[in-house]
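Novice: Provided below are the primary sequence and the corresponding predicted coordinates.
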Amino acid sequence: MIVPGAIRRRRLTGLLLLCVLLAVAAIAGIAIGTRSLSPVTVTDALTHALGCAGGPFTCPATSVAEEIVRELRLPRTALAIAAGAALGIAGALIQGYTRNPLADAGLLGLNAGAGFLAALSIFLFGFTAPSQYIWFAFAGAAIAGVVVFGAASAGGGKAGPLSLVLAGAAVTAFLQAMTNAVITIDNSALDTYRFWVVGTVAGREANVFWQVITFLLVGAVMALAAAPGLNLLGLGDDVARGLGVNVERARAFGLVTVVLLSGAATAAVGPIAFLGLVVPHLARTITGPDYRWLLPYSAVMGALLLLVADIAGRVVARPGELQVGVMLAAIGAPFFLALVRRKRVVAI
């Protein structure tokens, strides 16, 4: 019989091991690219950057190799870690609040909302850089989340798991149709939009990371605060109410958290398929349904999976590269099917 203390130590050891793997992957993300750089060159570039008084992202580069490492690979790796962690946490939250094991950010219309306002801003204002239309994409995700929650609660009803899913499906279908209408009008808008919608961390400058990191950190703190209440909601709405949980307020708080995490991450890197769906299931095989452990595991696993997929995309298609959204779709689909086939998916 495994005592609770042993379970806690095992989970903590697993989390620390994942953090070590993430650190190794981060080093690989900085060192590996379409242009080969020696470990000494990479180390010198990082050492000079970290020792700069202006900070590693702002200090001017002294060589081409240093410019590649600091202005391309370092922001790209940092954004992949932040976005992957946010999408992993958001996926676990959405599956918990909707009690749907197949839920992800797309289920609540967040991806569709981000895509619509991103495409609309590209069409209306001629934006071409991610740093220009990122705020529109984030606003689109936020508006879509509010509309979905409002529609699910319309008529004096309660925003339960089923009503959230149905409202999300309706909003997603409408926004996708509107997005298609926008991008078919203008070819230049289509070119810029399709680079965003495929999902990538390539070409993202440091300012994109700094624009979203505050929202991601606030969302992560809110998610950890929501974990105990989410454990009670997993027992059912009636039981949760009997234990003193305001179910509607808890779901509203959860929706705000998901919008911050998923909205900011999607705005920065585009819709990433399967990450928010697969990662929580992988985490549950280790932690079980306890969200106090599930959320940290989902964060580290999400960051690790997104970063590894990005590195793999640089290696398999040299001298070019495959976008991380393509890599995750190629890896995630068969992996998730195998996971389901082995019946290792832990029930919500």
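Specialist: Received, thanks.
Novice: quick one: what helix or strand has G29 in it?
Specialist: Assigned by DSSP states H and E, G29 belongs to helix 4-31.
Novice: Low-confidence stretches in the stretch 51-200 of the chain?
Specialist: Low-confidence segments of the stretch 51-200 of the chain, defined by pLDDT under 70: 51-62, 155-161.
Novice: now the strands for it?
Specialist: For the stretch 51-200 of the chain, applying DSSP state E, counting those that start in this stretch gives no strands.
Novice: quick one: the helices in it?
Specialist: 64-68, 74-98, 110-125, 130-152, 161-183, 187-197 (DSSP state H, counting those that start in this stretch).
Novice: Output those in a markdown table, with mean neighbour count and distance to V316 appended to each entry.
Specialist: C-beta coordinates here come from the backbone N, C-alpha and C atoms, glycine included. A markdown table is the format used below for the helices of the stretch 51-200 of the chain (neighbours: other CB atoms under 10 Å; distance: least, CB to CB, whole Å):
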| stretch | mean neighbour count | distance to V316 |
| --- | --- | --- |
| helix 64-68 | 16 | 20 |
| helix 74-98 | 28 | 17 |
| helix 110-125 | 25 | 26 |
| helix 130-152 | 22 | 24 |
| helix 161-183 | 18 | 29 |
| helix 187-197 | 17 | 20 |
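Novice: Those helices into a markdown table, with extra columns for distance to S298?
Specialist: Formatted as a markdown table, the helices of the stretch 51-200 of the chain follow (distance: least, CB to CB, whole Å):
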| stretch | distance to S298 |
| --- | --- |
| helix 64-68 | 32 |
| helix 74-98 | 4 |
| helix 110-125 | 17 |
| helix 130-152 | 19 |
| helix 161-183 | 19 |
| helix 187-197 | 24 |
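Novice: Compare the ones you listed and report which one is nearest to L328.
Specialist: Ranking these by proximity to L328 (CB to CB) places helix 74-98 first, at 9.6 Å.
Novice: That closest one packs against which elements?
Specialist: If you count contacts as 3 or more CB pairs under 8 Å, 6 or more residues apart in numbering; DSSP states H and E, helix 74-98 packs onto helix 4-31, helix 161-183, helix 206-233, helix 247-258, helix 264-269, helix 275-287, helix 291-316.
Novice: right, and the helices of the stretch 51-200 of the chain - which one's nearest F335?
Specialist: Among those, if distance is taken as CB to CB, the winner is helix 74-98, at 14.6 Å.
Novice: Return the distance of the closest one from the chain's centre.
Specialist: 3 Å (CA atoms, centre = their mean, to the nearest Å).
Novice: related to what we said a few turns ago, same question for the helix holding G29, mean pLDDT?
Specialist: Mean per-residue pLDDT for helix 4-31: 89.
Novice: and that helix, which residues are buried?
Specialist: Of all the residues in helix 4-31, those buried under the rule 16 or more other CB atoms under 10 Å are 11, 14-15, 18, 22, 25-26, 29-31.
Novice: what sits against S262?
Specialist: The neighbours of S262, taking CB atoms under 8 Å, 6 or more residues apart in numbering as the test, are 86-87, 90, 94, 105, 110-111, 141, 276.
Novice: The buried residues of helix 4-31: which two are farthest apart?
Specialist: Maximum pairwise distance among these (CB to CB): 30.7 Å, between R11 and A31.
Novice: quick one on the thing from earlier: summarise which helices and strands the helix holding G29 is packed against.
Specialist: For helix 4-31, the packing partners by 3+ CB pairs under 8 Å, 6+ apart come out as helix 39-50, helix 74-98, helix 275-287, helix 291-316.
Novice: May I have whatever helix or strand V239 lives in exported as PDB, CA atoms only?
Specialist: Using DSSP H and E, V239 sits within helix 237-242. Output of helix 237-242 as PDB, limited to C-alpha atoms (Å, rounded to 0.1, in the frame of the first residue of the first chain):
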ATOM      1  CA  ASP A 237     -22.200  20.700  -9.200                       C
ATOM      2  CA  ASP A 238     -24.600  19.700  -6.400                       C
ATOM      3  CA  VAL A 239     -21.900  18.200  -4.200                       C
ATOM      4  CA  ALA A 240     -19.700  21.300  -4.800                       C
ATOM      5  CA  ARG A 241     -22.600  23.600  -3.800                       C
ATOM      6  CA  GLY A 242     -23.100  21.500  -0.700                       C
END
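Novice: Measure how far that helix is from the centre of its chain, please.
Specialist: Centroid separation between helix 237-242 and its chain, computed with CA atoms, centre = their mean, is 30 Å.
Novice: Tell me the buried residues in that helix?
Specialist: Neighbour counts over helix 237-242 (16+ other CB under 10 Å) mark 237, 240 as buried.
Novice: any idea of the mean pLDDT in that helix?
Specialist: The pLDDT scores in helix 237-242 average 80.
Novice: What helices and strands are in contact with it?
Specialist: The helices and strands touching helix 237-242, judged by 3+ CB pairs under 8 Å, 6+ apart, are helix 206-233, helix 247-258.
Novice: JSON lines please, covering the ones you listed and showing mean pLDDT, mean neighbour count and distance to G325.
Specialist: Formatted as JSON lines, those follow (pLDDT from 0 to 100; neighbours: other CB atoms under 10 Å; distance: least, CB to CB, whole Å):
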{"stretch": "helix 206-233", "mean pLDDT": "91", "mean neighbour count": "19", "distance to G325": "16"}
{"stretch": "helix 247-258", "mean pLDDT": "86", "mean neighbour count": "20", "distance to G325": "20"}
